[in-house]
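A.B. asks: Structure of the sequence below:
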Amino acid sequence: MRLQALIICTAALLSSSITDGRRLGENEEQQQQGEETCPPARFKTKEDISLQEYASKKWYVHEQAETTYLPLSRNFCVTAEYKLLDKPTPFFGWTIAVTNQAQDEARQNTYGGVIYAAETNESDPSKLEVAPGFLPRFLAGPYWIVDYDETEGYALVIGGSPQVKNRDTGKCRTNNRWITSSGGLWIFARDSERDDALIDKVKDIASALGLDTSVLNEVDHSNCQYDEA
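C.D. replies: Predicted structure coming up:
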């Protein structure tokens, strides 16, 4: 089963590379016409973060983009927890365990589980790569922390470079790939109770960086059972 998954993921990765090459050509054409390209020149991640602090408590997902692995039917009770490992995993060198959970509307089925993450560059801890632990890191999907403030209790996360332009908004989003965890946009908070003012602030941050926030959908945290201690 794992060998089959590896073969499928490799094929998907090759297909995605071809698509990205075509998109690069489109961006060059837009640049020549004076249009803003994707990713936007002003887009950046938050390089000066402490992963130890980031992983210190549970995150509650309050907004997320729909992807092939995150359907709208599971936009309930969505959480993420990170644990820095004492030593890298054998063979592939994963350094962070990530527990993602979500439920259906009836709160009867729980989805998710443990995947793994690692830094792609020690000098820039904001750019991680994630995948199931049995996959090699070259098949991992990007997980980038765009903005984060522990005092205010929020994080803005994107699944890689925003290379796709929304012609209606002029903003950029990620390429939604089904391979591993590629694509997506999330707004995290430390509190399960929704703070609309905080969410709006993070959306404004995303928009100012050229990100398309119209892809975000609200996550329902009502009637969820959490251990928030």
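A.B. asks: What segments of the protein are strands?
C.D. replies: 59-65, 76-84, 96-103, 110-119, 127-131, 141-149, 154-158, 164-165, 172-173, 185-189, 216-218 (DSSP state E).
A.B. asks: Go through stretch 137-152 and flag the buried ones.
C.D. replies: Arg137, Leu139, Ala140, Gly141, Pro142, Tyr143, Trp144, Ile145, Val146, Asp147, Tyr148 (16 or more other CB atoms under 10 Å). Just so you know, the C-beta spots here come from the backbone N, C-alpha and C atoms, and that holds for glycine as well.
A.B. asks: now Gln103, which residues is it bridged with?
C.D. replies: Under DSSP bridges, the beta-bridge partners of Gln103 are Phe76, Thr110.
A.B. asks: confidence score at it?
C.D. replies: As predicted, Gln103 sits at a pLDDT of 97.
A.B. asks: count of neighbours near it?
C.D. replies: Using other CB atoms under 10 Å, Gln103 has 22 neighbouring residues.
A.B. asks: what do you get for Ala197?
C.D. replies: If you count neighbours by other CB under 10 Å, Ala197 ends up with 6.
A.B. asks: okay, the buried residues of stretch 137-152 in JSON lines with pLDDT next?
C.D. replies: Output for these, formatted as JSON lines (pLDDT from 0 to 100):
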{"residue": "Arg137", "pLDDT": "93"}
{"residue": "Leu139", "pLDDT": "91"}
{"residue": "Ala140", "pLDDT": "93"}
{"residue": "Gly141", "pLDDT": "92"}
{"residue": "Pro142", "pLDDT": "94"}
{"residue": "Tyr143", "pLDDT": "96"}
{"residue": "Trp144", "pLDDT": "97"}
{"residue": "Ile145", "pLDDT": "98"}
{"residue": "Val146", "pLDDT": "98"}
{"residue": "Asp147", "pLDDT": "98"}
{"residue": "Tyr148", "pLDDT": "98"}
